[in-house]
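1. What follows is a predicted protein model with its sequence.
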Amino acid sequence: MSIAEGRLRVGVVGLGAVAREFHLPALISSKQFELVAGAEINADRRERIRKMFNIPEIYASYQEMYQNARLDVVFVCISNQLHYRTVVAALKAGLHVVCEKPMGTSALEARSMVDLAQQSELVLLPAYNLRFVETFVQAKEKIAHGIIGDLVQIQGTFFNPGPYITWDPKSDWHFDKQGYGVLYDLGSHLVDLMLYMTGIEVESVSAFSLFRYSDVEVPTNISCAFRAKNKIIGSLSLGWGTGALRCELQLHGTAGVLLVDQHQLTHLYRGIDPIERSIAYGCHAFAEIRSAFKRKLGAGAISPEHKKLTRNAADVILGRAFPVTSSYDAIRTHEILESIRTSLDQNGNVVSVKPETTQPDKK
Amino acid sequence: MKRILSYNSASLESLNNEGSKVKKKAAIAAMKVGDVKNENEIRRTMYALLNTMAPLVRLRKGWTVLIKVNLCLLIGPETGGTVDPLLVECLVDWLQERYKIKECIIAESDATHLSADLAFQVLGWHERFSDKSGCHLLNLSKDEIIEVSVNGLHFRQLRMAKTYMEADYLISFGKMKTHVEQKMSCIMKNQFGANPYRYKIKYHPFLKEAIYDMNKVRMPDFCLLDGLIGMERKGPVYGVPKIMGLLIAGTDAVATDVFCAQMMGIKPRRVPYLYLAMKKGLGTRDFDLLTPPLAKNLYRFASMPWYTALAKRVVSLLQPRGEAM
């Protein structure tokens, strides 16, 4: 099988929780991809995942896999700190790449990966899966249709109980100082989602943080205010260690408000009345029950967002579609995350969002 | 101190088109803007529209032109509720360049939930027009008031702003939106807003008659509609914006509203005030379209949801009778 035959030979680097839960099931079910290889440093996990997904070729390192397996595409599902070298090696080996978010640890790393992909005429896509969630897609369309008028203020929140509670990463890299804790875990998702849905250009940020885990040097909770072009302001709140998972954006416009999370989209406007509100709640309840049933009853057991992400990646590589997740957006997200990080280091000072402020990891 | 002048019916006939025996066909032009955020494209399209209508604009050098704009609440044009000042600026520039008019007055009156002065200030009209020579903003409610005999369906006499009545040329600049009671609010409903009395909500129980009378008292000489972003569902103030990118011009208020109703997917006969105007022979319903035709129902506007309308009806039936508005 090859690109010419319409099916892409794919290898997966890193067979941890993200690959096991999301990417591998989506790839197995895809008609456009053929899963041919996997690379994982942990021997136990390597064997377990190979059996679980019936992966034909398995390797102990990505270098070995790039050298020996006949591939068209790689999915990079390893820790953030290793994105840069893994992606660069893949691009140098002439492979298209789908890289887990946030695609490197800095804007400069992301920029050099994008430049290399462009020079090599290869596709590089960040796997920001939340862009494919139905409610967020609908909200983006509504904003584009001017249904809330001019955007004035944005409030984004992303909270979860934290690694090892709702999410079991089986490694401690989330707590490495370089990863900057919740900022690159949940913050990258929230910033990307906000930019994707609204297309705003953030100019400056000011952020504060909490360090609630003893002897861990990364923030667990962050609150950030920002100012964007066209008279828009907003705030982002991120946190680990909270009671429940919540990812929500409140978009306040001059003609209405959109409240959107992974399950429901609520449109409020001046004339909304209790009957309309009640009907909307009823529709949401029905949609939630239907999606829960779908997921439990097999047809939807594979994450629908990852299924769509996989399909879009294949279409982009085969030149049939535009990318929903652009690698240039990943650079923009990094620029904002870096400014938040600088503001946190300066105890909440207002920091302008400047392009590429850090040096790439050349390890 | 407001001076009360008196206008008799004969002078009124001479002021508006209603007295003419032979009904002429109206002319209408409609053009579409691709990107409603692109100021240059909007300017270009507005000029093209006005140039198309120019042979029908009977304006003379040295005349005073009054533009009645629709500013119903302190909400911007992007909400679909109010006229975009950019369009009015284009119109003023065009009038001044082409006809060398003496003065251009942009007018609105106070409403139950609005101070026109505050709206001009907050919505950026002041900023845009304060430095423009030969142009000023006017709150009709603060103008000299005159009494006008109308012998209408609801009013026998109307207290009107003198400047409004005496302007040489009247342009009505409305907004394309739905109306919870009258189905739509375009040119004729905009004219209702020229009544300088602030608490116009008290006329709502007989709104169609009041709209008819306000148009009878002075029909606009030229009509323009901002359909860049309209308002659907619970318009004209509590609705949802609808992007259309449409600019419409017409020589007759009734014909322009008939055309707009068709565009919005509303049958003109289902619009109470429009039906009344057609029945009573105000203006004309026939028109020639000077621009390439657009499909009827092109921008089908969603009206108020049926369950909300039903609930409103039930509540109104349950309300004690005889309560003052």
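-> All right, it came through fine.

2. Tell me which helix or strand in chain A has the weakest average pLDDT.
-> Taking mean pLDDT, DSSP states H and E as the measure, helix A:274-296 is the helix or strand of chain A with the lowest mean score, a mean of 80.

3. Give me the distance between the spatially closest residue to residue A:302 that is not a sequence neighbour and chain B.
-> Closest residue to residue A:302 apart from its sequence neighbours, by Cβ to Cβ, 6 or more residues apart in numbering or on different chains: residue A:25 at 4.5 Å. Heads up, the C-betas are built off the backbone N, CA and C, glycines and all. Between residue A:25 and chain B the computed distance is 39 Å (Cβ to the nearest Cβ, to the nearest Å).

4. any idea which element residue A:25 lies in?
-> When secondary structure is defined by DSSP states H and E, residue A:25 falls within helix A:24-29.

5. Output the contacting helices and strands for that helix.
-> On a contact count with 3 or more Cβ pairs under 8 Å, 6 or more residues apart in numbering or on different chains; DSSP states H and E, helix A:24-29 meets strand A:8-13, strand A:33-39, helix A:43-53, helix A:304-317.

6. Residues contacting stretch A:37-52, please?
-> A:11-16, A:19-20, A:24, A:53, A:55-62, A:64-65, A:69, A:71, A:170 (Cβ atoms under 8 Å, 6 or more residues apart in numbering or on different chains).

7. Now go through those and say which are in helices.
-> Per DSSP state H, helices hold the following members of the contacts of stretch A:37-52: A:24, A:53, A:62, A:64-65.

8. Show the buried residues in those residues.
-> A residue is treated as buried here by neighbour count (16 or more other Cβ atoms under 10 Å in any protein chain shown); on that basis the buried members of the ones in helices among the contacts of stretch A:37-52 are A:24, A:53, A:62, A:65.

9. and the closest residue to residue B:307 other than its chain neighbours, how many neighbours does it have?
-> When the adjacent residues along the chain are set aside, residue B:307 lies closest to residue A:275, with 5.4 Å between them (Cβ to Cβ, 6+ apart). Residue neighbour count, defined by other Cβ atoms under 10 Å in any protein chain shown, stands at 14 for residue A:275.

10. can you check residue A:147 too?
-> For residue A:147, the count of nearby residues is 21 (other Cβ under 10 Å).

11. Distance of it relative to residue B:264?
-> In this structure, residue A:147 lies at 17 Å from residue B:264, with Cβ to Cβ, to the nearest Å as the measure.

12. Show the contacting residues for the residue of the stretch 151-300 of chain A found nearest chain B.
-> Of all residues in the stretch 151-300 of chain A, the one sitting closest to chain B is residue A:271 (2.8 Å; Cβ to the nearest Cβ). Residue A:271 sits next to B:233-234, B:237-240 when contact means Cβ under 8 Å, 6+ apart.

13. Dump the residues you listed into CSV; add neighbour count and distance to residue A:151 as well.
-> Compiled in CSV, the contacts of residue A:271 are given as follows (neighbours: other Cβ atoms under 10 Å in any protein chain shown; distance: Cβ to Cβ, whole Å):
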residue, neighbour count, distance to residue A:151
B:233, 23, 20
B:234, 25, 22
B:237, 22, 21
B:238, 17, 20
B:239, 29, 19
B:240, 28, 15
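
14. filter these by proximity to chain A?
-> Applying Cβ under 8 Å from any Cβ of the partner chain to the contacts of residue A:271, one finds that B:233-234, B:237-240 fall near chain A.

15. follow-up on the earlier one: which members of the contacts of stretch A:37-52 are classed as buried?
-> Looks like the contacts of stretch A:37-52 have A:11-16, A:19-20, A:24, A:53, A:55, A:57-59, A:62, A:65, A:69, A:71 buried, using 16+ other Cβ under 10 Å.

16. Chain B contacts on the stretch 51-200 of chain A?
-> Near chain B, when you scan the stretch 51-200 of chain A using Cβ under 8 Å from any Cβ, you find A:145-150.

17. make it 6 Å
-> Within the stretch 51-200 of chain A, the positions adjacent to chain B are A:145-147, A:149-150 by Cβ under 6 Å from any Cβ of the partner chain.

18. I would like a PyMOL command selecting only the buried ones among those, please.
-> What follows is the PyMOL syntax selecting those of those that are buried according to 16+ other Cβ under 10 Å:
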select buried, chain A and resi 146+147+149+150
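
19. So for residue B:222, what's the nearest residue that isn't a sequence neighbour?
-> Closest residue to residue B:222 in three dimensions, ignoring its sequence neighbours and counting by Cβ to Cβ, 6+ apart: residue B:171, at 4.7 Å.

20. what lines up beside the helix or strand hosting the one you found in the sheet?
-> Under the criterion of DSSP H and E, residue B:171 resides in strand B:169-179. Sheet pairing here is set by DSSP bridges, and for strand B:169-179 it gives strand B:64-69 (parallel), strand B:183-185 (antiparallel), strand B:222-232 (parallel).

21. I'd like the next helix or strand past the longest one.
-> Next helix or strand after strand B:222-232 toward the C-terminus (DSSP H and E): strand B:240-250.

22. what sits up against that next one?
-> A:145-147, A:149, A:255, A:269, B:26, B:28-33, B:36, B:45, B:49, B:53, B:79-80, B:223-225, B:227-230, B:232-233, B:256, B:299 (Cβ atoms under 6 Å, 6 or more residues apart in numbering or on different chains).

23. hmm, which of these are the buried ones?
-> For the contacts of strand B:240-250, burial is judged from neighbour counts taken by 16+ other Cβ under 10 Å, and it is met by A:146-147, A:149, A:255, A:269, B:26, B:28-31, B:33, B:36, B:45, B:49, B:53, B:79-80, B:223-225, B:227-230, B:232-233, B:256, B:299.

24. Spatially nearest residue to residue A:57, not counting backbone neighbours?
-> Leaving aside its sequence neighbours, residue A:57 sits nearest to residue A:37 (Cβ to Cβ, 6+ apart; 4.1 Å).

25. now swap in residue A:243 and tell me
-> Per Cβ to Cβ, 6+ apart, closest to residue A:243 is residue A:161, 7.0 Å.

26. And residue A:350, how far from residue A:208?
-> Counting by Cβ to Cβ - residue A:350 and residue A:208 are separated by 12 Å.

27. hang on, the earlier thing: which parts of the least confident helix or strand of chain A are buried?
-> Of the residues in helix A:274-296, those with enough neighbours to count as buried (16+ other Cβ under 10 Å) are A:276, A:280.

28. Could I get the CA-only coordinates of it as CSV?
-> Output for helix A:274-296, consisting of C-alpha atoms alone and laid out as CSV, is shown next (Å, rounded to 0.1, in the frame of the first residue of the first chain):
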residue,chain,number,x,y,z
PRO,A,274,-37.7,31.0,29.8
ILE,A,275,-39.5,28.8,27.3
GLU,A,276,-36.7,29.0,24.8
ARG,A,277,-34.2,28.4,27.5
SER,A,278,-36.1,25.3,28.8
ILE,A,279,-36.3,23.9,25.3
ALA,A,280,-32.6,24.4,24.8
TYR,A,281,-31.8,22.6,28.0
GLY,A,282,-34.1,19.8,26.9
CYS,A,283,-32.2,19.5,23.6
HIS,A,284,-28.9,19.5,25.4
ALA,A,285,-30.0,16.7,27.8
PHE,A,286,-31.2,14.6,24.8
ALA,A,287,-27.9,15.2,22.9
GLU,A,288,-25.9,14.2,25.9
ILE,A,289,-27.8,11.0,26.6
ARG,A,290,-27.6,10.1,22.9
SER,A,291,-23.8,10.7,22.8
ALA,A,292,-23.3,8.7,26.0
PHE,A,293,-25.3,5.8,24.5
LYS,A,294,-23.3,6.0,21.2
ARG,A,295,-20.0,5.8,23.1
LYS,A,296,-21.1,2.9,25.2
